[in-house]
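Novice: 3D, please:
(one chain, ligands or ions: 3)
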Amino acid sequence: MERNHCMAIDKESLKQLALSLGMDMCGVASIDRFATSPKGNHPHDLLPGAKSAVVVGVRLLDGVIQSNFRAFEDGNRQAQGVYGTYGYTIIPNFLLTYACYAVARFIEVGSGEVAAPCSTGPMTNGAQISLRHAAVAAGLGAFGWLGIVLTPEFGPRNRFGVILTTLEIEPDPMYDGARLCNPEKCGICTGVCPSGALSRHGEDDSPKVVDIGGKRFEYCNIDWAKCFIVEEQLTKEHGGREDLVTSENPTLADIFDAHRRSPGDESGLQRISSWHCGRCLSYCPAGDWGQKFKSRGLSGGPVV
Ligand code: B12
Ligand code: SF4
Ligand code: SF4
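Specialist: Ligands and ions are numbered 1, 2, ... in the order given. Predicted structure coming up:
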């Protein structure tokens with residue numbers, strides 16, 4: 001088959017392709033917006049000469065998020081499997097993976113430039129780039145105190161995928177809308193976290209401060225080991241069958257040791273499923289949470 005390597009890529013067609021594949025958003029960042037990336041996590045560490053990062057995103061359905069409330073508020077633990085499947089492991093992870101591949105293929109076939117789709121999450125082989133920093137760089141939203149990206153429509157209830165390319169695509173503007181998070185007044189994410197993984201605003205003298213495209217963002221300090229314990233049910237207190245972690249102040253080494261000793265899960269696609277929490281994401285009020293969940297009687301509100 002004859003290859004057409006000379007056509008120019010129309011950005012709108014690229015975005016339409018992403019939307020037609022089940023994406024809810026798509027934005028483009030120029031690589032200069034990653035100037036402050038730590039060594040090893042810069043787009044050029046994955047694709048030397050990359051000029052643009054295309055970021056696609058899917059929202060999580062309200063019906064999927066509310067299954068978490070059935071688990072957290074009604075004690076219906078089976079209900080959370082809906083979130084595991086449709087909000088985490090399978091959809092949206094595979095939707096993003098397919099969309100990243102299709103967008104990369106569209107760029108390569110249409111322009112002759114190189115396009116590298118990145119891993120999107122569980123079961124897709126490693127993490128090459130920070131998807132959350134890329135989503136901010138592409139103008140899709142801004143960091144919330146909880147450490148992930150808020151969009152005006154869906155708050156943190158989104159997932160992202162990234163395609164790096166040597167093709168120069170006109171970047172979208174960075175998010176410049178209304179402030180989405182006010183941690184001085186809110187703090188719900190910190191309050192609902194069952195393991196205290198998220199630092200409290202004002203009580204922590206070193207929040208993470210990042211500069212992306214000349215804009216300053218701030219988010220909490222996250223203790224990843226504490227998050228893993230709940231997400232993966234590594235203790236009885238957090239729903240596990242045994243205490244795979246016993247330390248009061250666990251380190252990531254304790255977590256990896258627990259992974260080695262874990263017998264693994266009997267259902268689902270992950271050997272150790274990591275979708276058992278998501279309280280910070282589920283209860284964050286950004287993205288019309290009150291109207292979507294509280295006023296419909298789907299949640300009684302966060303228990304802080
Ligand atoms: C593994 C993983 C987890 C693990 C552990 C995370 C860890 N860091 O050890 C666990 C299971 C605990 C976890 C938890 C959650 N996760 Co998670 N996770 C990931 C995953 C797949 C890889 C993380 C990683 O290693 N990234 C690579 C490193 C390099 O990125 P980083 O940690 O963000 O970068 C750090 C530095 O290198 C530097 N940096 C890197 N690049 C750049 C660039 C610039 C410009 C700057 C300034 C700095 C910088 O800054 C960071 C701070 O140290 C990412 C997807 C991804 N590839 O990022 C999702 C991801 C971050 N998770 C996501 C989500 C939703 C969650 C949960 C809510 C899970 C849930 N149940 O729903 C919680 C959130 C907890 C919280 N409040 O943050 C989403 C966030 C979406 C969003 N709205 O922003 C992501 C982006 C997946 C996706 N496909 O969308 N997660
Ligand atoms: S996912 Fe759960 S354990 Fe992890 S930071 Fe959010 S609330 Fe805390
Ligand atoms: S729960 Fe509140 S403080 Fe936390 S990220 Fe959402 S809006 Fe910000």
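Novice: need the strands for the stretch 101-250 of the chain, in chain order.
Specialist: Here the stretch 101-250 of the chain has its strands, by DSSP state E, counting those that start in this stretch, at 115-117, 142-143, 149-150, 158-165, 208-212, 215-219.
Novice: Quick one: name the residues of this protein near ligand 3.
Specialist: Within the chain, the positions lying close to ligand 3 (C-beta under 6 Å from any ligand atom) are Gly144, Trp145, Leu146, Cys181, Pro183, Cys186, Gly187, Ile188, Cys189, Cys284, Pro285, Ala286. In this view, the C-beta of every residue, glycine as well, is placed from N, C-alpha and C.
Novice: 8 Å instead?
Specialist: 144-146, 150, 155-156, 180-183, 186-190, 192, 198, 201, 280, 283-286 (C-beta under 8 Å from any ligand atom).
Novice: Go through stretch 66-75 and flag the buried ones.
Specialist: Gln66, Ser67, Asn68, Phe69, Arg70, Ala71, Phe72 (16 or more other C-beta atoms under 10 Å).
Novice: Just the residues you listed: which are in helices?
Specialist: Gln66, Ser67, Asn68, Phe69, Arg70, Ala71, Phe72 (DSSP state H).
Novice: Tell me how far the third one lies from ligand 3.
Specialist: From Asn68 across to ligand 3, the span is 15 Å (C-beta to the nearest ligand atom, to the nearest Å).
Novice: contacting residues around that residue?
Specialist: Going by C-beta atoms under 8 Å, 6 or more residues apart in numbering, Asn68 touches Ala79, Gln80, Tyr83, Gly87, Gly278, Arg279, Ser282.
Novice: Among those, which one lies nearest to ligand 1?
Specialist: The closest of those to ligand 1 turns out to be Gly278 (C-beta to the nearest ligand atom; 3.1 Å).
Novice: Could you double-check that that closest one sits in contact with Phe72?
Specialist: No: judged on C-beta atoms under 8 Å, Gly278 makes no contact with Phe72 at a distance of 9.4 Å.
Novice: nearest spatial neighbour of Lys215, skipping sequence neighbours?
Specialist: Using C-beta to C-beta, 6 or more residues apart in numbering and skipping the chain neighbours, the partner closest in space to Lys215 is Met174 (5.7 Å).
Novice: how about stretch 109-127, does it get close to ligand 2?
Specialist: No: Stretch 109-127 does not reach ligand 2 (C-beta under 8 Å from any ligand atom); its nearest approach is 13.7 Å.
Novice: Now tell me what touches that stretch from outside.
Specialist: By C-beta under 8 Å, 6+ apart, stretch 109-127 touches 3-9, 46-47, 49-50, 88-89, 92-93, 96-97, 100-101, 103-105, 107-108, 128-129, 131, 159-167, 269-270, 274.
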